[in-house]
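Engineer: build me a model:
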Amino acid sequence: MTAKPIIKQLHGLRGVAAMSVVCGHFSPIPTVPAIGVVLFFIISGFLIGKLYLEKDFTFSSVWTYAVGRFARVYPLFALVVISVGLLNYLEPSADIFALSADQIVPHLLLAGAGHTIWTISSEFQFYAFFVLIWYAYAKARLPAMTILVPLLIAAIGVALWLGTSAGRINLFGYLPIFVLGLITARVTDNPPEVLKRWASAALVIAGLCYAVAFFAVPFIYDPRWIYVDPISILICATILGACIMAGDCLINRVLSTRVLVWLGEISFSIYLLHRVAQWLTEHTLGNTLSDRYTTPIMIALTIGMAEVTNRFVEKPARAFLVGVGRKIQAAIVPQEQAPASS
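Structural biologist: Got it, this is the predicted structure:
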């Protein structure tokens with residue numbers, strides 16, 4: 001895929017989301033890394049809406065979608081779950097993700113709720129739920145917003161009703177985030193001039209609100225509420241939508257810098273490996289250094305590990321699985337040409 005400006009900006013936002021989670025978990029002061037997860041979920045819904053919602057609902061398109069999502073997320077996730085589960089078994093004091101060896105299989109079956117990695121189960125639940133949205137949209141032949149807006153309203157109501165009592169991998173506790181990502185994809189397709197005109201200012205304001213939420217939410221309410229708080233979710237959606245519509249502005253130029261784009265490209269590895277890097281650092285150094293030194297070491301180790309796994313695990317596994325998926329598809333539906341996977 002060519003590095004269009006919009007792609008660079010999205011990679012940059014992914015980098016911001018990943019580093020929000022990492023810095024939040026490594027911070028010696030109270031913060032809310034969960035807002036980085038909200039931004040990740042919004043981006044996920046947005047990209048799926050952009051890539052698939054307007055495609056014909058056929059076996060080939062759904063197969064390509066399923067293979068692409070599985071190949072993008074599952075291989076590294078499975079490797080991390082197995083490796084961490086075994087490490088925790090051999091070194092019980094590690095307790096990374098609170099993942100015991102007997103929880104390896106439930107996590108591989110996407111029914112596990114360990115710290116941080118619970119989000120992958122929720123992500124796959126949304127992938128499955130999106131197929132229903134896609135089918136309804138394709139068959140109803142109604143404008144997408146006619147389906148998505150009522151769904152968003154219903155999802156917000158259910159999420160607020162569940163509140164923090166929702167199970168960690170209960171999709172309905174996070175569905176409004178993903179659906180708002182889908183809506184953002186539709187709004188930015190052909191936005192009104194007034195939105196484009198104010199997009200740069202909205203991006204600045206929403207970015208400041210994001211920073212305030214990151215530091216202030218722990219002093220206002222239980223950070224778990226961040227996933228159902230409509231204001232926080234709207235802030236993340238506004239950042240994404242304004243980023244797409246603002247065009248060539250200062251913040252988009254920053255998001256498109258080589259460093260942030262690179263961090264976005266390895267963001268999934270960063271997200272899955274940062275707690276491993278944290279344990280490795282603390283296990284090796286103990287209390288020999290202060291936080292001002294150990295935190296940069298943990299961040300550097302996280303990024304280094306992420307680059308290695310992205311290059312030697314994520315990309316090769318994705319290419320292999322997509323290739324196998326195309327061969328299976330060609331064997332099942334030889335008369336159709338398989339669309340390119342994303």
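Engineer: by contact count, what packs against the host helix or strand of residue 331?
Structural biologist: Taking DSSP states H and E as the definition, residue 331 sits inside helix 315-332. The contact analysis (3 or more CB pairs under 8 Å, 6 or more residues apart in numbering; DSSP states H and E) places helix 315-332 against helix 59-90. For the C-beta atoms, the positions are set from N, CA and C on the backbone; glycine is no exception.
Engineer: in the stretch 101-250 of the chain, which spans are helices?
Structural biologist: 104-108, 118-140, 144-162, 175-187, 193-220, 230-245, 250-255 (DSSP state H, counting those that start in this stretch).
Engineer: mind checking which of those helices is nearest residue 52?
Structural biologist: helix 118-140 (6.4 Å; CB to CB).
Engineer: and residue 302, how close does it get to residue 52?
Structural biologist: Going from residue 302 to residue 52 by CB to CB, to the nearest Å gives 31 Å.
Engineer: these two: who's more crowded?
Structural biologist: Set residue 302 next to residue 52 and count neighbours by other CB atoms under 10 Å: residue 302 wins out with 28 against 22.
Engineer: list the buried residues for the host helix or strand of that one?
Structural biologist: If you go by DSSP H and E, residue 302 is part of helix 291-309. Neighbour-count burial for helix 291-309, counted by 16 or more other CB atoms under 10 Å, picks out 294-295, 297-299, 301-303, 305-307, 309.
Engineer: could you dump these to JSON lines with distance to residue 172 and pLDDT?
Structural biologist: Output for the buried residues of helix 291-309, formatted as JSON lines (distance: CB to CB, whole Å; pLDDT from 0 to 100):
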{"residue": "294", "distance to residue 172": "38", "pLDDT": "90"}
{"residue": "295", "distance to residue 172": "36", "pLDDT": "91"}
{"residue": "297", "distance to residue 172": "39", "pLDDT": "94"}
{"residue": "298", "distance to residue 172": "34", "pLDDT": "95"}
{"residue": "299", "distance to residue 172": "34", "pLDDT": "96"}
{"residue": "301", "distance to residue 172": "36", "pLDDT": "97"}
{"residue": "302", "distance to residue 172": "31", "pLDDT": "98"}
{"residue": "303", "distance to residue 172": "34", "pLDDT": "98"}
{"residue": "305", "distance to residue 172": "34", "pLDDT": "98"}
{"residue": "306", "distance to residue 172": "31", "pLDDT": "98"}
{"residue": "307", "distance to residue 172": "36", "pLDDT": "98"}
{"residue": "309", "distance to residue 172": "32", "pLDDT": "98"}
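Engineer: contacts for stretch 305-316?
Structural biologist: For stretch 305-316, contacts defined as CB atoms under 8 Å, 6 or more residues apart in numbering pick out 75-76, 79, 265-270, 273, 276-277.
Engineer: try 10 Å
Structural biologist: 18, 22, 71-73, 75-76, 79-80, 262-263, 265-274, 276-277, 280, 317 (CB atoms under 10 Å, 6 or more residues apart in numbering).
Engineer: now the buried members of these.
Structural biologist: So, by 16+ other CB under 10 Å, the buried ones in these are 18, 22, 71-73, 75-76, 80, 262-263, 265-274, 276-277, 280, 317.
Engineer: so which of those residues are in helices?
Structural biologist: Of those, the ones assigned to helices by DSSP state H are 18, 22, 71-73, 75-76, 80, 262-263, 265, 267-274, 276-277, 280, 317.
Engineer: for residue 196, what are its contacts?
Structural biologist: 188, 242, 244-247.
Engineer: filter those down to the buried ones, PyMOL style.
Structural biologist: Only the buried entries of the contacts of residue 196 go into this PyMOL selection, using 16+ other CB under 10 Å:
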select buried, resi 188+242+244+245+246
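Engineer: is it possible to get a markdown table of the contacts of residue 196 that adds pLDDT and distance to residue 180?
Structural biologist: Listed next are those as a markdown table, based on pLDDT from 0 to 100; distance: CB to CB, whole Å:
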| residue | pLDDT | distance to residue 180 |
| --- | --- | --- |
| 188 | 94 | 12 |
| 242 | 96 | 14 |
| 244 | 94 | 14 |
| 245 | 94 | 16 |
| 246 | 93 | 18 |
| 247 | 88 | 22 |
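Engineer: closest to residue 203 among the contacts of residue 196?
Structural biologist: Ranked by distance to residue 203 (CB to CB), the contacts of residue 196 are led by residue 242 at 3.8 Å.
Engineer: which residue packs closest to the closest one, ignoring adjacent ones?
Structural biologist: Spatial nearest neighbour of residue 242, chain neighbours left out: residue 203 (3.8 Å); criterion: CB to CB, 6 or more residues apart in numbering.
Engineer: how much space separates that neighbour from residue 99?
Structural biologist: From residue 203 to residue 99 the distance is 38 Å (CB to CB).
Engineer: who's more crowded, the two?
Structural biologist: Using other CB under 10 Å as the criterion, residue 203 and residue 99 rank with residue 99 on top: 28 against 24.
Engineer: what about that one, distance to residue 298?
Structural biologist: Distance of residue 99 to residue 298, computed by CB to CB: 19 Å.
Engineer: how about low-confidence regions in this structure?
Structural biologist: Across the chain, the ranges flagged by pLDDT under 70 are 1-6, 334-342.
Engineer: give the contact list for the nearest residue to residue 246 once chain neighbours are set aside.
Structural biologist: Taking CB to CB, 6+ apart, and ignoring the residues beside it in sequence, residue 246 has residue 199 as its nearest neighbour in space, at 3.9 Å. Contact partners of residue 199, counting by CB under 10 Å, 6+ apart, are 188, 191, 238, 241-247, 249, 252.
Engineer: alright, I will stop here.
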